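J.: Predicted model, plus sequence, below.
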Amino acid sequence: LEDLTSNHTWFILSNSIITIYRNASFYSSQSTKIISTSSNSTLILSSTIYGPYTLTVDLQGTIQNYSSITFLPYQSGDFGQNATWLGGLLPTLDRCSPTDGGCVLIIPAGFKVTRHHNQSTINAVDVHIYGFFEISSSESYTFHYSMTFHIYNGGIFQDSTQNGFRFHINTSIIVYTGGTFIIRSTNAIYSYKEKNATISSLKFNKTNITGPYKISIDINGNIDDNGSLFTSKATTTTTTLTGNYWKKI
């Protein structure tokens, strides 16, 4: 991407996103000035930027930039709908591939995003929750990659599945002071590496987990529940996988 304008000034509408992926770059003969058309806020871009890099302009016209491939909602709504996300870009696997370094999801305060059972998989490597992030499913929900969830003050991460979360090895859930991780009383969390092999499982004795609290799964699938280690021998499940349970979108 190259700035060839004479005055090196770009006027950007709200609900816009500029993403520079790895091995791509932005170049200008001098610094480029970004101006939000809805708020007149400004940002000066360096003459050369290498990816990963993301620039966003939200509904209020606020300009933010990140040294990562980052996706944020434009409005509250369904995770699997393009209209929910800034720029109308849903974080699909081709835009947010963990095998290519992954991306970051941010759910800002005041936003509610729900992932329903028939929608896209969540491919981010890091999820930062300041608002409300809910995952529902008529069965378990499986995260296909190692991830880290950060639940900040005022943030809520809610498990509304029927059978709990299945986390890939090397995953963490970090609940900061004021954050909440909500699970169903009948649900557990499971660790796995291969599709049908559960390594460890953990059922909590409460439905609301408040920070400071950390749940981590190591590379062997052992679950560390805020200091209490839960392990079990690998067992092959008899679950019948249906629909797009293992489908990567």
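T.: Okay, I see it.
J.: give me the low-pLDDT residue ranges for this protein?
T.: Within the chain, the ranges that satisfy pLDDT under 70 run 117-120, 229-249.
J.: Adjacent strands (with direction) for the helix or strand containing Asn65?
T.: Counting by DSSP states H and E, the element that carries Asn65 is strand 63-66. Counting by DSSP bridges, the strands paired with strand 63-66 are strand 53-57 (antiparallel).
J.: okay, now the domains of the chain?
T.: As assigned by automatic domain parsing, the chain contains the domains 1-67, 69-249.
J.: Kindly compare burial across those domains and name the winner.
T.: Most buried of the domains of the chain, by mean neighbour count (mean count of other CB atoms under 10 Å): domain 69-249, with a mean of 17. Where C-beta positions appear, they are placed from N, C-alpha and C, glycine not excepted.
J.: mind checking how far that domain is from the chain centre?
T.: Relative to the mean C-alpha coordinate of its chain, domain 69-249 is positioned 8 Å out (CA atoms, centre = their mean, to the nearest Å).
J.: For the remainder of this discussion, apply numbering that starts at 54.
T.: Happy to do that; since the first residue is 54 now, the last one works out to domain 122-302.
J.: would you say Ala136 is within a strand?
T.: No: in this structure, Ala136 is helix, not part of a strand, as judged by DSSP: H, G, I helix; E, B strand; the rest coil.
J.: Kindly provide the distance from it to Thr62.
T.: Using CB to CB, to the nearest Å, we find Ala136 at a distance of 29 Å from Thr62.
J.: just Glu192 next, same as before
T.: With CB to CB as the criterion, Glu192 and Thr62 are 52 Å apart.
J.: what's the answer for Gln83, then?
T.: The span separating Gln83 from Thr62 equals 11 Å under the rule CB to CB.
J.: what does Leu143 give?
T.: Leu143 sits 30 Å away from Thr62, going by CB to CB.
J.: Give the bridge partners for Ile71, please.
T.: Residues in beta-bridge contact with Ile71 (DSSP bridges): Leu108.
J.: was I right about it contacting Gly104?
T.: No: Ile71 is beyond contact range of Gly104, at 10.7 Å (criterion: CB atoms under 8 Å).
J.: now Ile204, nearest residue through space, not along the chain?
T.: Among residues not flanking Ile204 along the chain, Gly232 sits closest, at 3.6 Å (CB to CB, 6 or more residues apart in numbering).
J.: make that Thr101, sorry
T.: Nearest to Thr101 is Tyr80, by CB to CB, 6+ apart, at 5.5 Å.
J.: who touches Ile175 in this structure?
T.: By CB atoms under 8 Å, 6 or more residues apart in numbering, the contact set of Ile175 is 132, 144, 158, 168, 188, 196, 200.
J.: Mind doing that once more with 7 Å?
T.: Neighbouring residues of Ile175 by CB atoms under 7 Å, 6 or more residues apart in numbering: 168, 196.
J.: And the closest residue to Arg219 other than its chain neighbours, its phi and psi?
T.: Nearest residue to Arg219, sequence neighbours excluded (CB to CB, 6+ apart): Thr195, at 4.2 Å. Backbone torsions for Thr195, taken as degrees, to the nearest 10, come to phi -110, psi 130.
J.: Also Asp153?
T.: Backbone torsions of Asp153, given as degrees, to the nearest 10, read phi -120, psi 30.
J.: Could I get the contacting residues of it?
T.: By CB under 7 Å, 6+ apart, the residues touching Asp153 are Arg75.
J.: likewise Leu255?
T.: 241-242, 276, 278, 283.
J.: Show only the entries of those residues found in helices.
T.: Per DSSP state H, helices hold no members of the contacts of Leu255.
J.: quick one: which of these is nearest Ile116?
T.: Nearest to Ile116 among these is Ile242, at 37.7 Å by CB to CB.
J.: now the closest one, nearest residue through space, not along the chain?
T.: Once flanking residues are discounted, Ile242 sits nearest to Phe218: 5.0 Å by CB to CB, 6+ apart.
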